[in-house]
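# Sharing a model that was predicted from the sequence below.
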Amino acid sequence: MAQYVLAIDQGTTSTRTIIFDKTGSIVSSGQKEHEQIFPQAGWVEHDPKEIWDNTREVIGQALSKANITRHDIEAVGITNQRETAVVWDKTTGIPVYNAIVWQDTRTQPIVDRLAADGGVERFKQKVGLPLATYFSGTKIVWILENVPGARDKANNGDLLFGTTDSWVLWNLTGGVEGGVHATDVTNASRTMFMDLETLQWDDEILGIFDVPKSMLPEIRSSSEVYGVASGHSLLREVPIAGILGDQQAATFGQAAFDQGEAKNTYGTGNFIIFNTGTEIVHSKNGLLTTLGYKLGDDAPHYALEGSIAVTGSLVQWLRDNLGLIGSADEIEALAKTVDDNGGAYFVPAFSGLFAPYWRSDARGALVGLTRFVNKGHIARAALEATAFQTREVIDAVNADSGVPLTELKVDGGMIANNLLMQFQADLLGVPVIRPVVAETTALGAAYAAGLAVGFWSGLDELRANWQEDSRWTPSMDTAESDRLLRNWKKAVTKTLDWVDEDVR
């Protein structure tokens with residue numbers, strides 16, 4: 001009998017495969033980064049072929065390290081960077097353009113055009129999202145309007161669209177030889193095309209965007225058998241049985257299954273998801289309404305989300321663009337060389353500001369500089385920016401829910417940074433809790449797949465797997481945290497109104 005579930009985590013900077021046992025513990029993993037392509041300011045792309053090649057490679061790595069075969073794998077789950085858009089030719093399997101990444105801002109003119117009639121909240125009541133470059137709908141429009149021949153091919157039914165879960169699923173289940181073209185409700189809810197109530201593509205909105213429905217994947221639940229692997233010999237005939245967008249997967253992996261439970265992922269960006277149960281809650285404070293998960297035929301669970309574009313990627317920027325550090329984990333040691341931020345505040349609005357501001361005209365700013373400020377202060381200001389942005393989103397969650405969070409479960413790569421976690425607890429005034437298994441994104445995808453095939457009996461068994469690893473409690477004086485937050489908000493105002501017609 002198979003003993004494990006395998007999760008494919010197709011993320012923004014890398015693709016990972018992690019194999020889990022029945023206790024939710026990691027057995028083995030494989031990981032490989034892919035190229036970040038920046039053709040010009042504001043443009044961010046990935047090569048879909050490289051992503052698929054890496055996916056196959058990391059599956060092999062994980063199986064080899066565990067010294068197991070496909071016969072030991074009960075099911076495969078997929079999780080992914082959600083709004084990144086891939087458009088490919090279904091007859092050749094070749095993408096017509098690079099994947100346009102969720103951070104990309106090139107579609108702002110399309111957003112402006114669509115918002116001219118009804119504003120940025122034109123479709124929000126139906127889809128839960130404001131018009132923004134973040135979501136994949138405008139990225140499809142850009143490809144159809146700017147890639148030669150794409151519009152004609154799409155109208156002829158020859159092109160397929162998918163977020164990277166769909167791209168991996170289609171290739172994994174055979175590609176041009178009968179690959180399954182599907183996605184789950186969580187990923188579909190990030191396109192601007194899915195009606196939150198019906199969980200179906202909305203024909204009226206597709207017509208306004210001028211996107212042929214034939215391009216879109218079938219919307220399925222987050223936990224069911226979509227097909228079996230045939231496009232990868234190492235997993236041949238293993239069922240693909242779970243799909244969750246990365247932030248929803250992390251929430252699922254944190255066992256935040258019920259109304260009122262929440263988590264915050266510290267990754268390339270930060271993403272706070274607050275479970276609202278089976279009720280659709282429309283935010284009045286700059287949050288998104290999204291799908292949390294849907295298990296088979298059960299009722300869907302909805303969520304409020306606070307999306308922050310740049311957190312971990314700011315550390316990556318300090319490493320790659322400025323050479324301030326040699327590796328990402330050096331940021332904490334550098335920040336510890338000083339006692340505070342020295343009066344410096346770093347607002348990383350590289351892709352505009354996401355929640356709770358939703359200001360596409362914003363750009364990054366480092367303010368409060370004096371001759372006293374050194375590279376240690378800048379490193380500390382970069383880390384603090386993550387905590388400040390999180391505080392503002394948590395404030396919005398508390399206002400929308402009417403029930404203030406009493407603790408925050410965290411996951412993602414940055415939670416290894418103890419300095420950041422303590423500052424986050426100080427700024428929030430509530431405990432911050434890290435689980436034993438920090439790879440909750442992959443774990444959530446594994447859970448969804450395992451539930452579909454009976455590997456796990458139900459949510460209670462998954463709750464029992466969750467264990468606390470570390471806890472940070474607030475120690476900063478409230479007056480001091482209020483002062484820091486006041487200065488942060490002042491810094492945010494300096495980033496606004498930067499982009500106009502001749503500045504992009």
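Noted; the coordinates are in hand.
# quick one: the helix or strand hosting residue 63 to chain centroid distance?
Using DSSP states H and E, the element containing residue 63 is helix 48-66. Its chain's C-alpha centre and that of helix 48-66 lie 20 Å apart, by CA atoms, centre = their mean, to the nearest Å.
# Could you point out the helix or strand that follows it?
Downstream of helix 48-66, the first helix or strand assigned by DSSP H and E is strand 73-80.
# how big is the angle separating the helix or strand following that next one from helix 48-66?
The element immediately downstream of strand 73-80 (helix or strand, assigned by DSSP H and E) is strand 85-89. For strand 85-89 against helix 48-66, the angle by axes from the mean of the first three to the mean of the last three CA atoms, to 10 degrees is 100 degrees.
# Format the CA atom coordinates belonging to strand 85-89 as CSV.
C-alpha atoms of strand 85-89 as CSV (Å, rounded to 0.1, in the frame of the first residue of the first chain):
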residue,chain,number,x,y,z
ALA,A,85,-0.7,33.7,-16.7
VAL,A,86,0.3,31.1,-19.3
VAL,A,87,-1.2,31.0,-22.8
TRP,A,88,-0.2,28.1,-25.0
ASP,A,89,-1.1,26.3,-28.3
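# The stretch 1-150 of the chain: strands as residue ranges?
4-10, 14-20, 26-33, 45-46, 73-80, 85-89, 99-100 (DSSP state E, counting those that start in this stretch).
# How far does stretch 21-30 stretch from one end to the other?
16 Å (CA to CA, to the nearest Å).
# What of stretch 172-181?
11 Å.
# so which helix or strand takes in the residue nearest to residue 285 when sequence neighbours are not counted?
Closest residue to residue 285 apart from its sequence neighbours, by CB to CB, 6 or more residues apart in numbering: residue 396 at 3.9 Å. Backbone N, C-alpha and C define where each C-beta goes, glycine included. Per DSSP H and E, residue 396 falls inside helix 375-401.
# So which bits of that helix are buried?
376-397, 400-401 (16 or more other CB atoms under 10 Å).
# helices or strands next to it in the packing?
strand 262-266, strand 270-277, strand 301-308, helix 312-320, helix 330-335, strand 345-347, helix 418-428, helix 478-493 (3 or more CB pairs under 8 Å, 6 or more residues apart in numbering; DSSP states H and E).
# For residue 458, which of those is the nearest?
Checking those against residue 458 by CB to CB gives strand 301-308 as the closest, at 14.6 Å.
# Please put the alpha-carbon coordinates of the closest one into PDB.
Extracted C-alpha coordinates of strand 301-308, given in PDB (Å, rounded to 0.1, in the frame of the first residue of the first chain):
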ATOM      1  CA  HIS A 301     -15.400  28.000   2.000                       C
ATOM      2  CA  TYR A 302     -14.600  31.700   1.300                       C
ATOM      3  CA  ALA A 303     -12.000  34.000   2.700                       C
ATOM      4  CA  LEU A 304     -10.900  37.600   3.000                       C
ATOM      5  CA  GLU A 305      -7.300  38.200   1.800                       C
ATOM      6  CA  GLY A 306      -4.800  40.900   2.300                       C
ATOM      7  CA  SER A 307      -2.200  40.700  -0.500                       C
ATOM      8  CA  ILE A 308       1.200  42.500  -0.100                       C
END
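# Neighbouring strands of it in the sheet, and parallel or not?
The pairing partners recorded for strand 301-308 under DSSP bridges are strand 270-277 (antiparallel), strand 288-293 (antiparallel).
# Residue 10: which of the ones you listed is closest?
Nearest of those (CB to CB): strand 270-277, 15.8 Å.
# and for that closest one, what are the contacting residues?
246-248, 250-251, 256-265, 290, 292, 301-308, 311, 386, 389-390, 393-394, 397, 400-401, 405, 412 (CB atoms under 8 Å, 6 or more residues apart in numbering).
# Would you mind checking the average pLDDT for the helix holding residue 63?
For helix 48-66, mean pLDDT is 96.
# what comes up buried for that helix?
In helix 48-66, counting by 16+ other CB under 10 Å, buried: 48-52, 54-56, 58-63, 66.
# returning to that earlier point: can you lay out the strands of the stretch 1-150 of the chain as a markdown table showing mean neighbour count and distance to residue 340?
Converted to a markdown table, the strands of the stretch 1-150 of the chain look like this (neighbours: other CB atoms under 10 Å; distance: least, CB to CB, whole Å):
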| stretch | mean neighbour count | distance to residue 340 |
| --- | --- | --- |
| strand 4-10 | 29 | 36 |
| strand 14-20 | 24 | 33 |
| strand 26-33 | 17 | 33 |
| strand 45-46 | 20 | 38 |
| strand 73-80 | 30 | 37 |
| strand 85-89 | 25 | 41 |
| strand 99-100 | 28 | 39 |
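# Export these as a markdown table, with columns for distance to residue 317.
Formatted as a markdown table, the strands of the stretch 1-150 of the chain follow (distance: least, CB to CB, whole Å):
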| stretch | distance to residue 317 |
| --- | --- |
| strand 4-10 | 22 |
| strand 14-20 | 17 |
| strand 26-33 | 15 |
| strand 45-46 | 17 |
| strand 73-80 | 23 |
| strand 85-89 | 23 |
| strand 99-100 | 20 |
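# can you tell which of the ones you listed is closest to residue 434?
strand 26-33 (15.2 Å).
# hmm, who's touching the closest one?
Here strand 26-33 has contacts from 4, 13-21, 54, 57-63, 65-66, 68, 437, 439, using CB under 8 Å, 6+ apart.
# got the angle for it vs strand 14-20?
170 degrees.
# what's the average pLDDT for strand 26-33?
Throughout strand 26-33, pLDDT has a mean value of 95.
# neighbours around the closest residue to residue 391 other than its chain neighbours, how many?
With sequence-adjacent residues excluded and distances taken as CB to CB, 6+ apart, residue 391 is closest to residue 427, at 4.9 Å. Neighbour count for residue 427, taken as other CB atoms under 10 Å: 24.
# Residue 427 and residue 263: what is the separation?
To residue 263, residue 427 is 17 Å away according to CB to CB, to the nearest Å.
# Check residue 454 too.
Residue 454 sits 26 Å away from residue 263, going by CB to CB.
# Give me the more crowded residue out of the two.
Each of residue 454 and residue 263 has its neighbours counted (other CB under 10 Å); residue 263 has more, 26 against 10.
# That one is in contact with residue 411, isn't it?
Yes - assessed by CB atoms under 8 Å, residue 263 is found in contact with residue 411 at 6.3 Å.
# shared neighbours, the two?
Shared contacts of residue 263 and residue 411, defined by CB under 8 Å, 6+ apart, are found at 250, 254, 440.
# Quick check: of these, which lies closest to residue 166?
Checking the shared contacts of residue 263 and residue 411 against residue 166 with CB to CB, the nearest one is residue 250 at 19.5 Å.
# What count of nearby residues applies to that closest one?
Counted by other CB under 10 Å, the residues lying close to residue 250 total 31.
# just the one 3 residues further on next, same as before
Using other CB under 10 Å, residue 253 is surrounded by 32 other residues.
# Next: residue 92.
Residue 92 has 11 neighbouring residues, counting by other CB under 10 Å.
# what does the one 4 residues further on give?
Other residues near residue 96 number 21, with proximity taken as other CB under 10 Å.
# Need the phi and psi values for it.
Backbone geometry at residue 96, expressed as degrees, to the nearest 10, gives phi -80, psi -10.
# Could you check the pLDDT of it?
For residue 96, the model assigns a pLDDT of 97.
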